[in-house]
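# The following comprises the amino acid sequence and a computationally predicted model.
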Amino acid sequence: MNYNPTQSNRRVLIIDDQESIHHDFKSILSPVPTNTAELDEAANAFFNHGNDSDSNDVEIEIESAYQGQEGVEKARRAVEAGKPFAIAFVDMRMPPGWDGIETIGNLWEVDPNLEIVICTAYSDYSWNQITSELGRNSHLLILKKPFDISEISQLTDALTEKWNLGRQAKATLDEVQALVETRTQELTKAMEQLEIARQQANAATMAKSEFLAHMSHEIRTPMTAILGYTEQLLCETDINETPPEKVDALRTILRNGEHLLAIINDILDISKIEAGKLETEHVNCSPIQLVAEVKALMRVQADAKNLKLVTDYTGAIPATIKTDPTRLRQILLNLIGNAIKFTNTGTVRLVTRLVDGEPDEAGNSTAKLQFEVIDTGIGMTRQETENLFTAFGQANRSTARQYGGTGLGLAISKTLAQMLGGDLTVESTPGKGSSFRATIAIDSLNELPMIHDPESATSKALANAVITAEEKVTLDCRILLAEDSTDNQRLISYILRKTGAEVTVVENGKQAVEAALGPAYDNQVAEIERPFDVILMDMQMPVTDGYEATSQLRKKGYNGPIIALTAHAMVSDKQRCTDAGCDDYISKPINRKNMIDTIRKYSCEPSKSKEDNHTDNSEHHSANLQSNQQKTSD
């Protein structure tokens, strides 16, 4: 049915076997036209027609049927033609054909929305019987004969208006439903596209992480040899007898190698930040000692540019705080390194102070520890500082060309400061210098021991922070080095043998397992007499990698210390080494002091005998193995 809901429907069907009834309806609803205005007004007044009714502007169309079958057929043709009737006046008795009840039932099968008026002079059926027979009472009225002219006119007006409003409401509802379906389809399509985009983004993130992990490993492995051999040459060089240009060349190689390593670390950190996987720890540390260590590390750079590097304190400072000392050190090294880079003459000053914080839930006073790095460098405009803390953001292109750098350090430092409960801000004046303020959260001041004269404690801290070129360390132990890189085999074994250690070198995990287990190699579980005090296990090797080799050793009952030695430096790598059964983790490029200290920790612990340590390790690895098996079954 293609009926236009905007057109007013005034079509009426009369179904009655009496010709006189049809004549009466036509005379009432479609009177003979007259040109007399007075008669029109009288008719309107008599039939109670309102001049303001829009429905009266449309002439009533009347069709007649004398039997129920004929009426139903006319209703069907009207529906098919898209010109349905709004009302049907149906006689109750129409012999010899259908009666009114049967006729109405068939009419509603053709057009369920047809308004029905039963016309009858008899009480053949009660209202309850009629509705029970028809199964509904909507769209249904009863008009008793003889007719009242005004009643017929009013019923026609009211029911046609009801039909039109119902049709308009249905058309509006259809439009709304169509719009909802369209919007639902659009939303479904958008959600599908969003899911595809999310999967693509995840795939891109995973590919980027895998790429960074692979590139990090491939770069760090040769960097181990470059930095290690350069440090070794510098340690063994007699500065008084070696031409200065050779010493400068070695220092240049070392400096640029360390710079390249710093760039790699920054890229990995920014990748962790973007993936939401950058983690911090909270341990007790001394802020005065940490500042002293940073000053000792950065003094060489400051001296190279004839700059004064000064550390000051304003007021009392907590003796210890709980934070992540590694990340705090990273922030300060970044800030002071930048200050030295962009300052040609004058001073770089680090001022440490307490600043007020919000009271905690218990009402205790809180504070933040602020580290302000002030320089007398080139400074920046307000516009240049706006994007300073975004990844790869620098003041301007000319600055980047002149001074270099990736633009990652400040973005990482700000994120780290926020992760430590504070923030990083900047104030700068072109030509006069810049001031960077990094704050971190600390414990309630009511619980912290304070140092009221931090300047006096600085001398001792500086003495403890002095870095010597070469410490005389002795390692009285046997070490198995599993490393596939020939250059790194020579370097690491050379460093360890200089300390007095006995070093055996293998080039893959399979050989490491065989060497560590010795005669017990073929046994599934055995009491093993270890030929080595410590195993340094490279994690990426041919034949059998370090993860599998470590896992095999633990399953076969090996309980000696195994230290992971790897160029992988992503956030999950340390945990992966621990899960495989390693006791500790050393990343490449190798920091010789850290490597020696770690080996000494596991081979020469003063508080325990080696046998006690091995027993504890055995219990530790047994627990780890059970935990890993449980994770696998889960």
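On my side now, so go ahead.

# switch to C-alpha atoms for all contacts and neighbour counts from now on
Fine.

# do you know how far Arg251 is from Thr120?
Using CA to CA, to the nearest Å, we find Arg251 at a distance of 117 Å from Thr120.

# try Asp484
Distance, Asp484 to Thr120, by CA to CA: 107 Å.

# where in the stretch 451-600 of the chain is pLDDT low?
Within the stretch 451-600 of the chain, the stretches with pLDDT under 70 are 458-473, 519-530, 568-572.

# What segments of it are helices?
Applying DSSP state H, counting those that start in this stretch to the stretch 451-600 of the chain gives helices spanning 454-465, 486-498, 509-517, 546-555, 573-580, 592-603.

# Make TSV out of these and add mean neighbour count and distance to Arg136.
Listed next are those as TSV, based on neighbours: other CA atoms under 10 Å; distance: least, CA to CA, whole Å:
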stretch	mean neighbour count	distance to Arg136
helix 454-465	16	94
helix 486-498	17	93
helix 509-517	22	86
helix 546-555	22	78
helix 573-580	18	73
helix 592-603	17	90
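
# now the ones you listed as a markdown table including distance to Asn164?
Below are the helices of the stretch 451-600 of the chain laid out as a markdown table (distance: least, CA to CA, whole Å):
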| stretch | distance to Asn164 |
| --- | --- |
| helix 454-465 | 90 |
| helix 486-498 | 91 |
| helix 509-517 | 87 |
| helix 546-555 | 80 |
| helix 573-580 | 74 |
| helix 592-603 | 89 |
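
# mind checking which of those helices is nearest Asp324?
helix 573-580 (17.3 Å; CA to CA).

# that older thread, relative to Gln200, which of the helices of the stretch 451-600 of the chain is closest?
Proximity to Gln200 (CA to CA) singles out helix 573-580 among these, at 24.5 Å.

# three-state assignment of Thr352?
strand (DSSP: H, G, I helix; E, B strand; the rest coil).

# Would you enumerate the residues in contact with it?
311-314, 369-372 (CA atoms under 8 Å, 6 or more residues apart in numbering).

# Just the ones of those in strands?
Counting by DSSP state E, the part of these found in strands is 311-314, 369-372.

# re earlier: which among the helices of the stretch 451-600 of the chain is found nearest to Asp157?
The nearest among the helices of the stretch 451-600 of the chain, by CA to CA, is helix 573-580 at 83.2 Å.

# tell me the angle that closest one makes with helix 546-555.
30 degrees (axes from the mean of the first three to the mean of the last three CA atoms, to 10 degrees).

# Which strands and helices lie in contact with helix 573-580?
Judged by 3 or more CA pairs under 8 Å, 6 or more residues apart in numbering; DSSP states H and E, helix 573-580 is in contact with helix 546-555, strand 584-587.

# For the last one, which strands pair with it and how are they oriented?
Right, the one you point to is strand 584-587. Pairing partners of strand 584-587, with direction, according to DSSP bridges: strand 562-566 (parallel).

# Low-confidence stretches in the stretch 201-350 of the chain?
213, 274-275, 277.

# Count the residues that sit near the residue nearest to Asp484 when sequence neighbours are not counted.
Nearest residue to Asp484, sequence neighbours excluded (CA to CA, 6 or more residues apart in numbering): Glu507, at 4.3 Å. Using other CA atoms under 10 Å, Glu507 has 19 neighbouring residues.

# repeat for Asp356
By other CA under 10 Å, the residues close to Asp356 number 11.

# what's the helix or strand containing Gly166 packed up against?
Assigned by DSSP states H and E, Gly166 belongs to helix 149-236. Packing partners of helix 149-236 (3+ CA pairs under 8 Å, 6+ apart): helix 19-29, strand 87-91, helix 244-274, helix 486-498.

# for the first one, packing partners?
Identification of packing neighbours for helix 19-29 by 3+ CA pairs under 8 Å, 6+ apart yields helix 149-236.
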